[in-house]
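S.K.: Just the structure for this:
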Amino acid sequence: MSKFKAFLKRKDIEFSAKRYGIDALGAMAQGLFASLLVGTILSTIGSQFSIEALVTIGDFASAVKGCAMAIAIGFALKAPPLVLFSLATVGYAADKLGGAGGPLAVLLITIVAAEFGKAVSKETKLDILVTPVVTIGLGCVLSMLCAPYIGKAASAVGHAIMWATELRPFLMGIIISAIVGIALTLPISSAAICAALGLTGLAGGAALAGCCAQMIGFAVMSFRENKWGGLVSQGLGTSMLQMGNIVKNPRIWIPPTLASMITGPIATCIFKLEMNGAAVSSGMGTCGLVGQIGVYTGWVNSIANGTKAGITAFDWIGLILISFILPAVLSWAFCLILRKIGWIKENDLKLDL
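M.R.: Take a look at the predicted model:
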């Protein structure tokens, strides 16, 4: 057993929730962002302004999402070069065979293929052949055997959540908004979770509301400590920057979480806010305005397929209120109350910017 442990340590193979549930998952979201999400944005811009080159570039970027996710995961797992390059094939196979639940299939299968690839890497004189064959061979076999079932399972869970949201928009609006918002602030990837489950429609709108509540909420309520730098870095970057402060004083998490529990059902019940763009956008919030661009993309697609007549003023008002105004006002108000009763003290929200 000691030799086996020494071997794993030498190969940097670490069986841990952090390595797989945080590092790999977060990297997968970046791979999705650098392919499908950017591709969707470019295609939308190209379609709206009749720039065919942008549409083509966007299509190219979207087409390699499986490869991008797998390479990103491999990078997070500290895979050596030959393993990393071989994972492009694994990601393509897992994503293609996984269908709507492809991102989850890519995550699980890439982790296994990468770790086995790392295990055999540089162990023989034929490394240039052995490592790619093991990584690609195992990854593709697992994709053929497991990816369709993993994809169907992820898709089924996502559809169940979306069905429940349609059936009980108020309750599910609260639950989804709070949970996905919390996931965004934790060192895990809310975007990857939404992508893996294919969370769109009303459920995607609720997820977007929760993410916006956390990002805009923390940005506004910490303005007195962090000024404009904090407003931009949290409001357009990530509320994850506050994790260190949350560990010190978990009560600072109350205002944006309460805000998300209010904006979620408002999004689902009043504005019927739907995310019909890329599912990964549901978990992005206001990060680079990707969530809002995703909603707009969904509107455009719905108009194109005839399910929506046009974009109304009510649509825009709902998106702006849910994304920016309500999270800011509610979080600031809740934070003010907690500051007055002493639950949040001066510099509890201070960031080292």
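S.K.: Flag the helix or strand of the chain with the lowest per-element mean pLDDT.
M.R.: Least confident helix or strand of the chain, by mean pLDDT, DSSP states H and E, is helix 38-48 with a mean of 82.
S.K.: Go through the helix or strand following that one and flag the buried ones.
M.R.: Remark: after helix 38-48, the chain's next helix or strand is helix 52-63, criterion DSSP states H and E. For helix 52-63, a neighbour-count test (16 or more other Cβ atoms under 10 Å) marks 54-55, 57-58, 61-62 as buried. Quick note: C-beta positions are derived from backbone N, CA and C, even for glycine.
S.K.: pLDDT and distance to L349 added to the residues you listed, as a markdown table?
M.R.: Formatted as a markdown table, the buried residues of helix 52-63 follow (pLDDT from 0 to 100; distance: Cβ to Cβ, whole Å):
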| residue | pLDDT | distance to L349 |
| --- | --- | --- |
| L54 | 92 | 40 |
| V55 | 89 | 43 |
| I57 | 95 | 40 |
| G58 | 89 | 38 |
| A61 | 92 | 37 |
| S62 | 88 | 38 |
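S.K.: got any ranges where the protein has weak pLDDT?
M.R.: Applying pLDDT under 70 to the chain flags the ranges 353.
S.K.: and the residue of it positioned farthest from its centre, what element?
M.R.: When distances are taken from the C-alpha mean of the chain, K125 lies farthest, 40.4 Å away, according to Cα atoms, centre = their mean. K125 belongs to no helix or strand when assigned by DSSP H and E.
S.K.: how near is it to A79?
M.R.: Separation of K125 from A79 (Cβ to Cβ, to the nearest Å) stands at 20 Å.
S.K.: List the contacts of P327.
M.R.: 212-213, 215-217, 220, 256, 259-260, 263 (Cβ atoms under 8 Å, 6 or more residues apart in numbering).
S.K.: Please name the nearest non-neighbouring residue to it.
M.R.: Closest residue to P327 apart from its sequence neighbours, by Cβ to Cβ, 6 or more residues apart in numbering: I216 at 3.9 Å.
S.K.: Contacts for the least confident helix or strand of the chain next, please.
M.R.: With Cβ under 8 Å, 6+ apart, helix 38-48 has contacts from 51-63, 65, 277-278, 281, 290, 293-294, 296-297, 300.
S.K.: rerun at 10 Å
M.R.: Under the criterion Cβ atoms under 10 Å, 6 or more residues apart in numbering, residues 32-33, 51-65, 68, 277-278, 280-281, 288-290, 293-294, 296-298, 300-301, 304 lie in contact with helix 38-48.
S.K.: Please export the C-alpha coordinates of the helix or strand encompassing V300 as CSV.
M.R.: Element membership for V300, per DSSP H and E: helix 290-304. Backbone C-alpha positions of helix 290-304 (Å, rounded to 0.1, in the frame of the first residue of the first chain) are rendered in CSV as follows:
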residue,chain,number,x,y,z
VAL,A,290,-22.6,36.8,-20.1
GLY,A,291,-25.9,35.9,-18.3
GLN,A,292,-27.7,38.9,-19.8
ILE,A,293,-26.3,38.2,-23.2
GLY,A,294,-27.5,34.6,-22.9
VAL,A,295,-31.1,35.8,-22.1
TYR,A,296,-30.9,38.1,-25.1
THR,A,297,-29.6,35.3,-27.3
GLY,A,298,-32.6,33.2,-26.2
TRP,A,299,-35.0,36.0,-27.2
VAL,A,300,-33.4,36.2,-30.6
ASN,A,301,-33.6,32.4,-31.1
SER,A,302,-37.2,32.4,-29.9
ILE,A,303,-38.1,35.1,-32.4
ALA,A,304,-36.3,33.2,-35.2
